[in-house]
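Trainee: What follows is a predicted structure for the sequence shown.
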There are 2 protein chains.
Amino acid sequence: MRIYNFSAGPSTLPETVLRQAQEELLDFNGTGMSITEISHRAGAYMEINTEAQENLRRLMAIPDDYYVLFVQGGASQQFAAVPLNLLGGSGRADYLLTGNFATKAYEEAARYGDVAAVASSADKNYTYIPDLSTVPFRPDTDYVHFTHNNTIFGTRFAELPQVASELACDMSSSILSEVVDVSRFGVIYAGAQKNVAPAGLTIVIVKKSLVDGRKPLDICPTMLKYATQAKADSLYNTPNCFAVYIANLVFRHLLEQGGVAGMEKINREKAQLLYDYIDDSGFYTNSVEKKYRSRMNVTFFCKNKDLDAAFAKQAAQNGIASIKGHRMVGGMRASIYNAMPIEGVKHLIGFMQKFAAENKNA
Amino acid sequence: MRIYNFSAGPSTLPETVLRQAQEELLDFNGTGMSITEISHRAGAYMEINTEAQENLRRLMAIPDDYYVLFVQGGASQQFAAVPLNLLGGSGRADYLLTGNFATKAYEEAARYGDVAAVASSADKNYTYIPDLSTVPFRPDTDYVHFTHNNTIFGTRFAELPQVASELACDMSSSILSEVVDVSRFGVIYAGAQKNVAPAGLTIVIVKKSLVDGRKPLDICPTMLKYATQAKADSLYNTPNCFAVYIANLVFRHLLEQGGVAGMEKINREKAQLLYDYIDDSGFYTNSVEKKYRSRMNVTFFCKNKDLDAAFAKQAAQNGIASIKGHRMVGGMRASIYNAMPIEGVKHLIGFMQKFAAENKNA
């Protein structure tokens, strides 16, 4: 009944997690209430809030001098929250424009301080990441912002910027998919709807010194201040309890599956299978510089672009959902987050082979 | 197995809605995907987004010159969004301080303009609503803000302020529980987790002229601007799809149950049953002025306050959850939103009678 869902977000979730959620949807843990009905101040929920934080800390080896926050509003809201919280130092920040959301983040921050776009890959429709060794980072910025994985364009930073400033990173489409050294970041934020949970939950991992030791801009709304949720253990107001609950089930599932290192191994394998097939096919193509290819979002086209629409349509008839590329890129995009099993990638490749054989003379 | 859940929020939901959500949690409408996994740009979700807006318009008879928005962040985030969107006129607003959240809304707004607390019921721990005929409303304010129903203190505005300014109203704990004339309001906002849906969804109903005809303050974050979601039909970024989906099931359920007028009739009956019993019991007491008693949140105490803790504890052993009062009030609070059946209120009264009989000499 379940199909392979390659949506870029909201995205496929582990079936075992959904089955558990289904089973206990009317009676969570013997309370006689749904998890959606339990007060966020009740023990049953507060235990989830705590366990989810602890599990995420274990999975990502988050140091003790970082806060883990569960907030709302998506990465789009963090585009404002990051400058409003962090521009209280020099008031300057540098941004790397490697895609649509990176650019939106820059435009929002530019409303609040001396913010520079120090590099961009717009010249080639974001099919690469600028060479970081040549980027004119400015001295004494409050932070340098980048988007670790560009969901729409299928690119990924192969290395982290080497700067003295704090790193602020949108990790929405790569969080928990590969091992990262959290201690290199000032703040990591991620909409949960790609690799973690249903939509409506945003994870923020922020160095405590940036919250306790740096004053947000005076105009920052209370709900956007990191200190608000840090002081309240993410319970300042009613959180998206259902999404935190599912996130925690996903975290447990990942811990059982070998943690992030285990996921990275499988994710590398999944991406390599798909890119290798595309490169060898003679029928499909991917336009991203190999070094910067995303492991989460694999964009591809039929070499004969007239076939793209037929591909997406026939894929849908073959148990493959949401394979159509973003309108800014066209073609196809296979989002192969943690919850996409390798069988799903093999199923997709099988269909690609069949489609290529049937259309080789088109 | 299910118990009667009197939580103030997140709160009980209709069992039929939860059962439908449970049944289709792994396969929504034959898509082979969970509703939590479907792209918000896919037809299957966009239909829900549209139907939910239409159903809410029908239920509340929302005029065409109002936008209906589904956003994130809770009422707490609207405490900032309201002034940031609406103080672009005279820059002045009046607030009525009738409780904890009303006061928080005022404090947030005061950061952004010339904002006055024109009345307060703090002198009697918010057990009444100030006489609106004596409130010194200022002329030429951009809006007058009030909290229709005060969840913590169990009070309710018996009538709407009569002012020339726009009315801005936090309706989190009373939306859809009684008939209101939307055309009298500039903006109504409500966290959905009390009367509508799981937490993480905020409903905003705002006059189009206040969005299209009034410039937000320059400092307003993009995600807090009403125009952002109004222009994008609440799909500017990924919404809380699961909560919108449940909200729509609840809307359908309400339409089947006679709409808001039908709910109001039952809600009046539920509240009267409970208040009548409290008033007649000789054992329990409610401290709210009768005219201003909430129909949604019924606060009460044992006259011998030493018994309150035992009441809450024994209630929990008798299928009654989350009856303990808020720490700012003490005692007990029965939140009897739309989804609490009258049988639940009768069950509570039955327990109250038993407890009173057993403790009459304590």
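Mentor: Sure, I can see it. Numbering: from 1, shown residues only, chains lettered A, B, ... in the order given.
Trainee: got the residues of the stretch 201-350 of chain A near chain B?
Mentor: With CB under 8 Å from any CB of the partner chain as the criterion, the stretch 201-350 of chain A meets chain B at residues A:201, A:218-219, A:221-224, A:236-243, A:246, A:319, A:321-322. Any C-beta I mention is one placed from the backbone N, CA and C, and that applies to glycine too.
Trainee: Out of those residues, which sit inside strands?
Mentor: Residues of these located in strands (DSSP state E): residue A:321.
Trainee: Any of the residues of the stretch 201-350 of chain A next to chain B buried? List them.
Mentor: A:201, A:219, A:221-224, A:236-243, A:246, A:321-322 (16 or more other CB atoms under 10 Å in any protein chain shown).
Trainee: the domain parsing of chain A - what is it?
Mentor: Structural domains assigned to chain A are A:20-256, A:259-358, following automatic domain parsing.
Trainee: okay, the ones you listed, which one's buried deepest?
Mentor: When you average the neighbours per residue for each of the domains of chain A (mean count of other CB atoms under 10 Å in any protein chain shown), domain A:20-256 leads with a mean of 21.
Trainee: per-residue confidence averaged over that domain?
Mentor: Model confidence over domain A:20-256, given as mean pLDDT, is 98.
Trainee: in the stretch 201-350 of chain A, what residue is nearest chain B?
Mentor: For the stretch 201-350 of chain A and chain B, the shortest gap (CB to the nearest CB) falls at residue A:240, measuring 3.1 Å.
Trainee: And the stretch 51-200 of chain A, by the same measure?
Mentor: For the stretch 51-200 of chain A, CB to the nearest CB, closest residue to chain B: residue A:200, 3.1 Å.
Trainee: List the residues that contact the residue nearest to that residue when sequence neighbours are not counted.
Mentor: Residue nearest to residue A:200 in three dimensions, not counting chain neighbours: residue B:240, with 3.1 Å by CB to CB, 6 or more residues apart in numbering or on different chains. Neighbour list for residue B:240: A:72, A:198, A:199, A:200, A:240, A:243, B:70, B:72, B:200, B:201 [criterion: CB atoms under 8 Å, 6 or more residues apart in numbering or on different chains].
Trainee: give me that answer again for 7 Å
Mentor: A:199, A:200, A:240, B:72, B:200, B:201 (CB atoms under 7 Å, 6 or more residues apart in numbering or on different chains).
Trainee: The fifth one contacts residue A:73, correct?
Mentor: No. With the criterion set as CB atoms under 7 Å, residue B:200 and residue A:73 do not qualify as a contacting pair; they are 10.0 Å apart.
Trainee: Check which element follows the helix ranked longest in chain A along the chain.
Mentor: Looking across chain A with DSSP state H, the single longest helix is helix A:259-281. Sequence-wise, the next helix or strand downstream of helix A:259-281 (DSSP states H and E) is strand A:284-285.
Trainee: what are the ranges of the strands in chain A?
Mentor: Going by DSSP E, chain A shows strands at A:4-5, A:66-71, A:92-97, A:114-120, A:143-147, A:149-150, A:155-156, A:166-170, A:187-191, A:202-207, A:284-285, A:297-302, A:320-321, A:332-335.
Trainee: nearest to residue B:268, of the ones you listed?
Mentor: strand A:66-71 (37.8 Å; CB to CB).
Trainee: Give me the contact list for the closest one.
Mentor: Contacts for strand A:66-71 (CB under 7 Å, 6+ apart): A:53, A:56-57, A:62, A:182, A:201-208, A:211, A:226, A:229-230, A:234, A:239, A:244.
Trainee: ok, residue A:168 to residue A:211 distance?
Mentor: Using CB to CB, to the nearest Å, residue A:168 is found at 13 Å from residue A:211.
Trainee: Equivalent analysis for residue A:21, please.
Mentor: 32 Å.
Trainee: cool, and residue A:196?
Mentor: From residue A:196 to residue A:211 the distance is 22 Å (CB to CB).
Trainee: can you check residue A:19 too?
Mentor: 38 Å.
Trainee: just residue A:97 next, same as before
Mentor: Applying CB to CB to residue A:97 and residue A:211 gives a distance of 27 Å.
Trainee: try residue A:293
Mentor: Residue A:293 is 35 Å from residue A:211, by CB to CB.
Trainee: Would you check that residue A:242 makes contact with residue A:36?
Mentor: Yes. With contact defined as CB under 7 Å, residue A:242 counts as touching residue A:36 (5.2 Å).
Trainee: shared neighbours, those two?
Mentor: With CB under 7 Å, 6+ apart as the test, residue A:242 and residue A:36 both reach residue B:198.
Trainee: Which residues are in contact with residue A:96?
Mentor: Contacts of residue A:96 (CB under 7 Å, 6+ apart): A:102, A:118, A:119, A:130, A:145, A:146.
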